[in-house]
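Engineer: Provided below are the primary sequence and the corresponding predicted coordinates.
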Number of protein chains: 4
Amino acid sequence: MGKIKLGIIGAGRIGRVHAESVTFHIPDAEVVAVADPFITAEGKQFFNSIGINEILNDYHKILENKEINSVLICSSTDTHAEITIAAAKAGKNIFCEKPIDLDIKRIKETLKAVEKSGVKFQVGFNRRFDRNFKALKNSVVDGKIGKVHIVKITSRDPAPPPVEYIRVSGGLFCDMMIHDFDLARFLSGSEVVEVFANGTVLIDDAIGKAGDIDTAIVNLKFANGAIGVIDNSRQAVYGYDQRAEVFGSAGCAAVDNEKPSTAKISTKDSVSEEKPLYFFLERYMQAYAAEVKDFISAIKDGKEVSVGGRDGLNSVIIAKAALKSLKENRPVKISEME
Amino acid sequence: MGKIKLGIIGAGRIGRVHAESVTFHIPDAEVVAVADPFITAEGKQFFNSIGINEILNDYHKILENKEINSVLICSSTDTHAEITIAAAKAGKNIFCEKPIDLDIKRIKETLKAVEKSGVKFQVGFNRRFDRNFKALKNSVVDGKIGKVHIVKITSRDPAPPPVEYIRVSGGLFCDMMIHDFDLARFLSGSEVVEVFANGTVLIDDAIGKAGDIDTAIVNLKFANGAIGVIDNSRQAVYGYDQRAEVFGSAGCAAVDNEKPSTAKISTKDSVSEEKPLYFFLERYMQAYAAEVKDFISAIKDGKEVSVGGRDGLNSVIIAKAALKSLKENRPVKISEME
Amino acid sequence: MGKIKLGIIGAGRIGRVHAESVTFHIPDAEVVAVADPFITAEGKQFFNSIGINEILNDYHKILENKEINSVLICSSTDTHAEITIAAAKAGKNIFCEKPIDLDIKRIKETLKAVEKSGVKFQVGFNRRFDRNFKALKNSVVDGKIGKVHIVKITSRDPAPPPVEYIRVSGGLFCDMMIHDFDLARFLSGSEVVEVFANGTVLIDDAIGKAGDIDTAIVNLKFANGAIGVIDNSRQAVYGYDQRAEVFGSAGCAAVDNEKPSTAKISTKDSVSEEKPLYFFLERYMQAYAAEVKDFISAIKDGKEVSVGGRDGLNSVIIAKAALKSLKENRPVKISEME
Amino acid sequence: MGKIKLGIIGAGRIGRVHAESVTFHIPDAEVVAVADPFITAEGKQFFNSIGINEILNDYHKILENKEINSVLICSSTDTHAEITIAAAKAGKNIFCEKPIDLDIKRIKETLKAVEKSGVKFQVGFNRRFDRNFKALKNSVVDGKIGKVHIVKITSRDPAPPPVEYIRVSGGLFCDMMIHDFDLARFLSGSEVVEVFANGTVLIDDAIGKAGDIDTAIVNLKFANGAIGVIDNSRQAVYGYDQRAEVFGSAGCAAVDNEKPSTAKISTKDSVSEEKPLYFFLERYMQAYAAEVKDFISAIKDGKEVSVGGRDGLNSVIIAKAALKSLKENRPVKISEME
């Protein structure tokens, strides 16, 4: 098999990240076309500059291209399901950004279409591929910390997105904590069976007026008996705060933030280090490349993708359960959602 | 005013710690007598060795001693209320180990008796005096981290106590997490208004059979709008794990464990540091001395004690609410408990 | 100006690193040919795989190629001077791996040829471009630590090179500590004026038999009055140990090793972190790309290279002085060497 | 044997520290008298406050006191030898602050007198008893880092002493680095055989005018083949900087500074920790108590003291050799000094 030929659907920030990863870090693959009805001149120039010259408006053109083996769906969330179903019908392997959709029924239909078609389908939970969270997962898998008792995840953005974005995002649980729900499942090696959510507006009243929260703590119960907790904030002024800890019968493993350098400066005022990397693209650049690489090798080697439809579905179900918990101020069983 | 003359009631582990603190670190005070009906020969010898020679069986002898200004109540929990009431009537200032009692009504009666008598009454929440948690509190008070949004406390014992002790301890929330409830109030500068508890038995089935849990995560809502979470385990095999973090509008402050030394050893196998201090007396030795010193100076200077009856009461109420939450699997408002 | 066309002379490990950097990370440049008389089939395949198809035996072919603007000299040390002189005569800009040569007179002749030709000439002291050492340098330049008093550098390889290599390497000072001499000049912002060397054989007698040492501490005096020290070992079993510290009138700045992840694992046996990155290519991958990027932008923008001939010369002079100091067991002035 | 009765000679800062240690932390000993011809009213009050009531002017009174078993010599350096000789003749066990004297011949005479008398004689190298340096030593003794190759010690004071003190101190090597020379011997488990000193005046010209230096780096060669380096500064504006590292065939062990708390504060400006403990008495309080405890137990158990006359002598010889090296700008063999 030669290079896997890819089409990218959606020419925004994350589409460009994947285009660069493929071009510079994945010798086994090649982006041959990009489709986006709203692509700008500047966007075109970007893709041209890295050697991608087929820039289309209509993604169907990509699906019709026989040369193209697989697609990376990087468009806005509300289009993921439709494009996935169409791509599956066209027999393309699919890498889809999270979330698949904000509607559980729609996700299930989408997964059914994927299953029927037999194509590969991977969901963009990039954190599983971060070198730190991978090391944490390995410490669990290797048995170094024994049976998992407690999973703790901290995830705080450096600054909130625009309120207009928040309004269509599905809210903090579906847009932001969804990564942590997936990470909790990944680290615990088990499914979440019940959630209880505390959530509040402490950063910006406009977020509250848009119907969302900006600060939350969610309690989790897992099928394997472990318990967990996730805390989120839309604004950590010191940078992108991404930490996790797994505590078990034989010990505890924890990962800390990444920093621009290891420099430590001692003066008469303080001993200070650098702040965590501020921007998510910078923080997870390595992880974005690794997840697409993993997708490509699943195709080449004919093996299962490592983050599949069930992962995409279950994280949304947990997010919806958290939202229900918040609204009704009671623990919500995942089984209630189905 | 000369030295404050103290009587210690209860000659067990914590009674001895306080006796040593007073003798060696508090020049303004002096222990003149110890009372314990079950004191051993070895116990007598200990107190003699540090110059305390009046060893009594009956604590009333201490209360009758006109020379004695104040008492440290270090007996078993079920005797705290009775002795406190008697000491208050006898006009002695009182330092009482936590919890005051396991029954809220009984605590209220006790506090009424104290109030009526006008004596000083301090509760033994030693962690407030630990150099680390004090530094954390200071970062909040100094405004360094802005308005408090999230309080996180991790408290894990190195090993569970005997099941016989667990049976009479009031359970994990009243015996162990009570320290964290107080710390949460201290760090947030606010009162807890609602709790939701996850709790389970993952370490030892015998603990479950004794009607208790050994692993728990509790969500908190505070009156000032902040939210918080506490996780407890009865067994962290790597040592006594005592950490906390306060996140706010202007930053985040965190404190880590204390270690026997700063040594870091790099070999072909690993880069390793020392484990956290294992034993609570070692970990909090400085805090135990500081809290009694603070009590003595409140007496000498005629100022308010820094940890009073309300602190002792409210922490038990929160613990009881957590227990109710666990049993009923729902968030419980503190106002429901009163 | 379009892309800068490059020829790489020397197809070994470092030649390949630069080829990859240019191909994947430097959009402004392009490798059009590689020359190496000893290139293997596997080597050819490597360069082909990243799109470099003109593979030559004779480097003169590169110099004759009018399209080629600049060369990266990555061949063995004994050929650097000859190729540099020829390239300068051919009017190519030159990036030359360190050291320029092991003979000071020969280096001076080489630099004279470069100067006469007017081409750019950069020496491959990659560490100046490492994010950590750059942060350290910045703390000096920004005045954060005041006037420099003490510079300390630790540089320890994970394992010694083959004795055959050591025999032709010029010895520990010219082959290994030369990087640290350059770093000392860089961090202090001053020239070394005197050295005193302790050196010994503690790791492998075969190294001693080959006429070299494997462990050394070298004291430095700088023109600006600061003093410094470098320690080297050919074998740090825990990995590649690369640290530095600058102490000054207003504080101290230090940089630590890079690690594969931030994971910290606490068990009953220890609290352990990951070991430093083991392999120099992994440790300095970012720095290798950054130095060539810097060379390219010096060409494009017509500015001075940031690491020039004087840097290449002076580091060798210091190394030679250190060797003299070791042999004569006395401090040696740099002025004695000229 | 009952309590060891002690006399303290010299009522200054360090005399008071030892008086407190004995009173509060060493149940096996008791200070019965203090002698100091210059003791102030405030000094008397201090000793009285901790129960020491016999305050004398003339130290001979202490030597004549049959009840007194041992003396702690805490007077100014120029009186150490005379008092030690007198105390030895009087049959008192002796704990003497460092240095024994600034004159090597005088030290030898002193040690001869001690040896003849058969009393215990311990020198006050407190750092050997610091929990961090002990942990470092243990990592060497336990074989964790294999055969010692390199010893590195950093020792920087927070601020220089008054120039008047510097004038009579014997200079940086005899007054300050002497601790590090002893530590180097302790950590390497070997004797220093050659030194080379760089030293300069970078902090205060007045120090230079007083004939001393304020910044120094000293290279060491040990009898066991290891090499080492010590750096000293009279002024680290960020606090008392006391670190060390031992590198060997099987790894590296390092100890870092002690801090007032583990607090870490992240804001939009920085991530900062507390500065190292500023004051040497605070930093080494535990070590001061431990060294006297060790002296007392050597007496009680009839065993060798752990830091004896040879340690006191050799550290001064190394300091003198360093001074000679600095003056003559050449490496000086220890054997030259005898």
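Structural biologist: Received it, and whenever you're ready, just let me know what you need. Numbering: from 1, shown residues only, chains lettered A, B, ... in the order given.
Engineer: CA atoms for contacts and neighbours, from now on please.
Structural biologist: Fine.
Engineer: State the distance from A:Lys98 to A:Thr79.
Structural biologist: 11 Å (C-alpha to C-alpha, to the nearest Å).
Engineer: more crowded one of the two?
Structural biologist: A:Lys98 (26 against 14; other C-alpha atoms under 10 Å in any protein chain shown).
Engineer: would you say the more buried one is within a strand?
Structural biologist: No: applying DSSP: H, G, I helix; E, B strand; the rest coil, one finds A:Lys98 to be coil, outside a strand.
Engineer: Now do the same contact list for it.
Structural biologist: Residues counted as contacts of A:Lys98 (C-alpha atoms under 8 Å, 6 or more residues apart in numbering or on different chains) are A:77, A:123-125, A:312.
Engineer: for A:Ala236, same thing?
Structural biologist: Neighbour list for A:Ala236: A:156-159, B:249-252 [criterion: C-alpha under 8 Å, 6+ apart].
Engineer: What segments of the stretch 151-300 of chain A are strands?
Structural biologist: A:192-200, A:215-222, A:227-233, A:241-248, A:251-255, A:264-267, A:271-273 (DSSP state E, counting those that start in this stretch).
Engineer: Show me the one of these that comes nearest D:Ala319.
Structural biologist: Set against D:Ala319 and scored by C-alpha to C-alpha, those come closest in strand A:264-267, at 29.2 Å.
Engineer: For the closest one, what does the pLDDT average out to?
Structural biologist: For strand A:264-267, mean pLDDT is 98.
Engineer: can you list contacts of it?
Structural biologist: So strand A:264-267 is contacted by A:271-274, C:139, C:144-145, C:250-255, D:237-238, D:275 (C-alpha under 8 Å, 6+ apart).
Engineer: which one of the residues you listed sits closest to A:Tyr165?
Structural biologist: Closest to A:Tyr165, out of all of the contacts of strand A:264-267 and judged by C-alpha to C-alpha, is A:Glu274, at 30.0 Å.
Engineer: where does A:Glu30 land in three-state SS?
Structural biologist: strand.
Engineer: List the contacts of whichever residue of the stretch 51-200 of chain A sits closest to chain B.
Structural biologist: With C-alpha to the nearest C-alpha, the shortest gap between the stretch 51-200 of chain A and chain B falls at A:His149, namely 6.8 Å. Residues counted as contacts of A:His149 (C-alpha under 8 Å, 6+ apart) are A:225-227, A:246-249, B:202, B:215.
Engineer: Of these - the most surrounded one?
Structural biologist: Result: A:Ile227 is most packed of those (other C-alpha under 10 Å), 28 neighbours.
Engineer: My understanding was that that one contacts A:Val151; is that so?
Structural biologist: Yes: look at A:Ile227 against A:Val151 with C-alpha atoms under 8 Å: they come within range, at 6.5 Å.
Engineer: Spit out the contact partners of A:Leu111.
Structural biologist: Neighbours of A:Leu111 in contact, by C-alpha under 8 Å, 6+ apart: A:Gly309.
Engineer: Could you check the helix or strand in which it is found and say which residues are buried?
Structural biologist: Using DSSP states H and E, A:Leu111 maps to helix A:104-117. Using 16 or more other C-alpha atoms under 10 Å in any protein chain shown as the test for burial, helix A:104-117 gives A:104, A:107-108, A:110-111, A:113-114, A:117.
Engineer: closest to chain D among those?
Structural biologist: A:Ile104 (38.8 Å).
Engineer: any idea how far that closest one lies from D:Ser49?
Structural biologist: 76 Å.
Engineer: How about A:Asp205?
Structural biologist: 60 Å.
Engineer: where does the residue in the stretch 1-150 of chain A that chain D sits nearest to fall, phi/psi-wise?
Structural biologist: Distances between the stretch 1-150 of chain A and chain D by C-alpha to the nearest C-alpha are smallest at A:Asn132, namely 20.0 Å. For A:Asn132, the backbone dihedrals (degrees, to the nearest 10) come out as phi -80, psi -50.
Engineer: thinking it is in contact with C:Lys259, fair?
Structural biologist: No: counting by C-alpha under 8 Å, A:Asn132 stays clear of C:Lys259, with 10.4 Å between them.
Engineer: And those two? Which one has more around it.
Structural biologist: Using other C-alpha under 10 Å, the more surrounded residue of A:Asn132 and C:Lys259 is A:Asn132, with 24 against 15.
Engineer: Check that one and give its pLDDT.
Structural biologist: At A:Asn132, pLDDT is 97.
Engineer: same deal with the one 4 residues further on?
Structural biologist: In the predicted model, A:Leu136 carries a pLDDT score of 98.
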